[in-house]
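show me the folded form of this:
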Amino acid sequence: MKYVIIGGVAGGASAAARLKRINEDAEIVLFEKGEYISYANCGLPYYIGNTIEERKKLFVQTPVSFGNRYDVDVRNLNEVTAINRDQKTVSVTNLRNGKTYEEDYDILLLSPGAEPIIPPVPGVDLPNIFTLRSVTDCDRIKLEAVEKMQANASAVIIGGGFIGLEMAENLHKIGYKVTVVEKADHILTPLDWPLAAIVQKHLIDKGVEVITANGLAGFAEKDGKLAVSLEDKRELPCDLAILSIGVRPNTKLAAAAGLKIGEAKGIWVNEFLQTSDECIFAVGDAIEFPHPITGKPYCNFLAGPANLQARIAAANMVYPETVPYHGSVATAIAKVFDLTAASTGLNENQLNRKGMPFQTVITHPASHATYYPGGSPIHFKLNYDPNDGRILGAQAVGMQNVDKQIDVISLLIKHQGTIFDLVNSEHTYAPPFGSAKSPVMFAGMVAENIFAHLMNPLQVAELDEILDQKEDINLIDVRAIEEFKAGTIEGAENYPLDELREFLEDIDPDKKTVVFCEVGLRGYVASRILMQSGFDKVYNLIGGMKTYRFIGKHLK
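Numbers count the residues shown, from 1 in each chain. Predicted coordinates for the structure are as follows:
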């Protein structure tokens, strides 16, 4: 059996290696139009920023070493230009000498990846405008941005997603004055605003300028510099610009061959990663697949799912229809200076667009036991279905243990997990590593309290709307008086939790009552006291003052 693979890196190279491990007798030809077939794509920003000092460490395998180890015919710098399904051949151009030829196959695997979105704006072809998708892109940036860098150099990054912020940190590290421009109303759109706001403030505190709700209008050359024009007519002079707007599935070859392209504009595949042609499989950034939560077609651009798809596709290419793929919930993470930001599942914008009901809790647990030195907060947000408690998504920002929390949630989402599974979960615990109630368990407990009607949640945006409309409410800060004096919410009265029962007669039971504390726990205890003392309309501010300081409008 002869297998032909188009494209290397996470999808194609992983599939080739898996194929050989399953079937030593398999004849495998791997085509890659670039020079490199197996490299650490996610490490590119860190090589630019000199965190990774040696370029060779980016390469997992060379074409020669990979070919020798797995007995694969690796043909890099060979571009497949057409798939001839009737003849079961591919047309190939050798980029070294320009010669063309045909190669036959029994089973074909497509792993063409994705291509960066280049906006059709004036001046986009000017020098010193880069994307970062390949080693070649990285080398160009390294040459222009690092080796030729001059004093007081500045950079503009168009797009405030995970890769854009990784580039912001690494360019800042080598001395650039960095500006991040994001068309959406906040950076890191996979995160909801309460958590994205924390990252945004951290960037600003580090000296990175952040411009949001403002898109790219074009580029020009002025006074020996690159000028970035924004939609609001602002102009940003800089020495280089990075386009990090996003990527789209590379489906040109598949579409030209008549393979089905799906609703999300990716290559359509079934649960066995088979395209509309039973002899052709596809994996990686180029495919679309139903989202495990929504069931709707979805394109995912992450290395982890691509590697898993490669493993599954290889098995099905040898043993047809034996291993199903279950989709990706887009579990992603990034380092942003001293913070780690991670997400999985669906955020509020996605849930609202899909018309899916959801409830949200925000907690701020410590990364490990508070009495053990060196801990820091984990800002955690959980979205779940209020009808059955099914977990829909989560996000976390912090300095420590963020990845662990999101990995737990990701696994639960993939297995239809609920908030009750979080409450009943079991985690390793010793003071240097965690708390007896892990952050995800604690979030599950808060959600369970809401589900059981033991607490009525109020989000920061909802409180601000009440305050904007000057609705007459009882707004009660139950923190200690020293905390209250250091800053609170406009119109709040201070009734410390430990003295709350003494002040019940001073609170109007006919008004809506909103209680809050620093993170929500004391507010919950206060709400239980009030709800069991004849107060019918009692709400606890989710995330407390710690969340309100980042996104609230009525600070005093």
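
can you list the buried residues in the helix ranked longest in the chain?
Under DSSP state H, the helix in the chain containing the largest number of residues is helix 303-318. Residues of helix 303-318 classed as buried by neighbour count (16 or more other C-beta atoms under 10 Å): 303, 305-318. The C-beta positions use only the backbone N, C-alpha and C, and glycine is treated the same way.

that one: how far from the chain's middle?
21 Å (C-alpha atoms, centre = their mean, to the nearest Å).

for that helix, packing partners?
helix 9-22, strand 107-110, strand 280-282 (3 or more C-beta pairs under 8 Å, 6 or more residues apart in numbering; DSSP states H and E).

hmm, try it at 6 Å
Counting contacts by 3 or more C-beta pairs under 6 Å, 6 or more residues apart in numbering; DSSP states H and E, helix 303-318 packs against helix 9-22.

how far out from the middle of the chain is the helix it packs on?
On C-alpha atoms, centre = their mean, the centre of helix 9-22 falls 26 Å from that of its chain.

again with stretch 105-123
21 Å.

ok, stretch 545-556 next?
Distance, centroid of stretch 545-556 to centroid of chain: 25 Å (C-alpha atoms, centre = their mean).

what segments of the stretch 451-556 of the chain are helices?
460-468, 481-485, 521-531, 544-551 (DSSP state H, counting those that start in this stretch).

those helices: which one's closest to residue 397?
helix 544-551 (10.2 Å; C-beta to C-beta).

that older thread, can I get the helices of the stretch 451-556 of the chain in TSV including mean neighbour count?
As requested, the helices of the stretch 451-556 of the chain are exported to TSV (neighbours: other C-beta atoms under 10 Å):
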stretch	mean neighbour count
helix 460-468	17
helix 481-485	13
helix 521-531	21
helix 544-551	22
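
looking at those, which is nearest to residue 244?
Of these, nearest to residue 244 by C-beta to C-beta is helix 544-551, at 24.1 Å.

tell me what the closest one is packed against?
helix 193-205, helix 460-468.

mind checking which of those is nearest residue 345?
Once the helices and strands packed on helix 544-551 are compared by C-beta to C-beta, helix 193-205 is nearest, at 13.5 Å.

hmm, who's touching the closest one?
Helix 193-205 is contacted by residues 186-188, 210, 336, 339, 341, 362, 379, 381, 395, 397, 547, 550-551 when judged by C-beta atoms under 6 Å, 6 or more residues apart in numbering.

so which bits of the helix or strand following that helix are buried?
Using DSSP states H and E, the next helix or strand after helix 193-205 towards the C-terminus is strand 209-211. Along strand 209-211, these residues count as buried under the neighbour rule (16+ other C-beta under 10 Å): 210, 211.

how far off centre is strand 209-211?
20 Å.

repeat for stretch 241-254
Here stretch 241-254 is found 17 Å from its chain centre; the criterion is C-alpha atoms, centre = their mean.

residue nearest the centroid of the protein?
The residue lying closest to the centre of the chain (C-alpha atoms, centre = their mean) is residue 332, at 3.9 Å.

who's in contact with that residue?
162, 343.

what would the helices and strands packed on helix 544-551 look like in TSV with mean pLDDT and distance to residue 1?
Putting the helices and strands packed on helix 544-551 into TSV (pLDDT from 0 to 100; distance: least, C-beta to C-beta, whole Å) gives the following:
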stretch	mean pLDDT	distance to residue 1
helix 193-205	97	49
helix 460-468	97	58
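
and those: which comes nearest residue 111?
helix 193-205 (32.1 Å).

could you dump the closest one to CSV, C-alpha only?
C-alpha atoms of helix 193-205 as CSV (Å, rounded to 0.1, in the frame of the first residue of the first chain):
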residue,chain,number,x,y,z
TRP,A,193,-13.6,40.8,29.2
PRO,A,194,-13.4,40.3,33.0
LEU,A,195,-10.3,38.2,32.5
ALA,A,196,-8.9,39.8,29.3
ALA,A,197,-9.0,43.1,31.2
ILE,A,198,-6.4,41.7,33.6
VAL,A,199,-4.0,40.8,30.8
GLN,A,200,-4.6,44.1,29.1
LYS,A,201,-3.7,46.1,32.3
HIS,A,202,-0.6,43.9,32.7
LEU,A,203,0.5,44.7,29.2
ILE,A,204,0.1,48.4,29.8
ASP,A,205,1.9,48.2,33.1
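
and the angle from it to helix 544-551?
Helix 193-205 and helix 544-551 are oriented at 60 degrees to each other (axes from the mean of the first three to the mean of the last three C-alpha atoms, to 10 degrees).

helix 193-205 to helix 460-468, inter-axis angle?
Put simply, helix 193-205 runs at 90 degrees to helix 460-468, going by the same axes, to 10 degrees.

and the gap between the closest residue to residue 451 other than its chain neighbours and residue 66?
Among residues not flanking residue 451 along the chain, residue 389 sits closest, at 5.7 Å (C-beta to C-beta, 6 or more residues apart in numbering). Between residue 389 and residue 66 the computed distance is 46 Å (C-beta to C-beta, to the nearest Å).

do residue 314 as well
15 Å.

now do residue 279
For residue 279 relative to residue 66 (C-beta to C-beta), the value is 24 Å.

those two - which one has more neighbours?
residue 66 (20 against 13; other C-beta atoms under 10 Å).

for residue 348, see how far away the more buried one is.
On the measure of C-beta to C-beta, residue 66 and residue 348 end up 43 Å apart.

please apply the same query to residue 200.
Taking C-beta to C-beta, one finds residue 200 at 17 Å from residue 348.

among the two, which residue is more densely surrounded?
Using other C-beta under 10 Å, the more surrounded residue of residue 200 and residue 348 is residue 200, with 24 against 19.

could I get the pLDDT score of the spatially closest residue to residue 73 that is not a sequence neighbour?
Sequence neighbours aside, residue 29 is the residue nearest to residue 73 in space, at 4.5 Å (criterion: C-beta to C-beta, 6+ apart). What the model reports as pLDDT for residue 29 is 97.

for the remainder of this discussion, apply numbering that starts at 135.
Okay, using 135 as the starting number, the last item reads as residue 163.

buried sites along the helix or strand where residue 163 lies?
Per DSSP H and E: residue 163 is located in strand 161-166. Neighbour-count burial for strand 161-166, counted by 16+ other C-beta under 10 Å, picks out 162, 163, 164, 165, 166.

again, but for stretch 601-611
Going by neighbour count (16+ other C-beta under 10 Å), the buried part of stretch 601-611 is 601, 607, 608, 609, 610, 611.

same thing with stretch 459-468?
459, 461, 462, 463, 464, 465, 466, 467, 468.

dump that stretch to PDB, restricted to CA.
Taking Å, rounded to 0.1, in the frame of the first residue of the first chain, the C-alpha atoms of stretch 459-468 are listed here in PDB:
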ATOM      1  CA  TYR A 459     -12.200  11.700  16.100                       C
ATOM      2  CA  HIS A 460     -14.300  13.600  18.600                       C
ATOM      3  CA  GLY A 461     -13.400  17.200  17.800                       C
ATOM      4  CA  SER A 462     -11.600  20.000  19.600                       C
ATOM      5  CA  VAL A 463     -12.800  22.400  22.300                       C
ATOM      6  CA  ALA A 464     -10.000  24.900  21.400                       C
ATOM      7  CA  THR A 465      -7.800  24.600  24.600                       C
ATOM      8  CA  ALA A 466      -5.200  27.300  24.300                       C
ATOM      9  CA  ILE A 467      -2.600  29.000  26.500                       C
ATOM     10  CA  ALA A 468      -0.100  31.800  26.200                       C
END
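
now that stretch: mean pLDDT?
pLDDT averaged over stretch 459-468 gives 96.

cool, stretch 182-192 as well?
Here the average pLDDT along stretch 182-192 is 91.

over to stretch 535-554?
97.

run through who's touching it.
463, 465, 467, 474, 476, 478-479, 501, 518, 523-525, 528, 530, 555, 573-574, 578, 581-582.

how about a cut-off of 7 Å?
426-427, 460, 463, 465, 467, 474, 476-479, 501, 512, 514, 518, 522-525, 528, 530, 555, 573-574, 578, 581-582, 585 (C-beta atoms under 7 Å, 6 or more residues apart in numbering).

which parts of it are buried?
Quick answer for stretch 535-554 (16+ other C-beta under 10 Å): 535-536, 538-540, 542-544, 546-548, 551-554.
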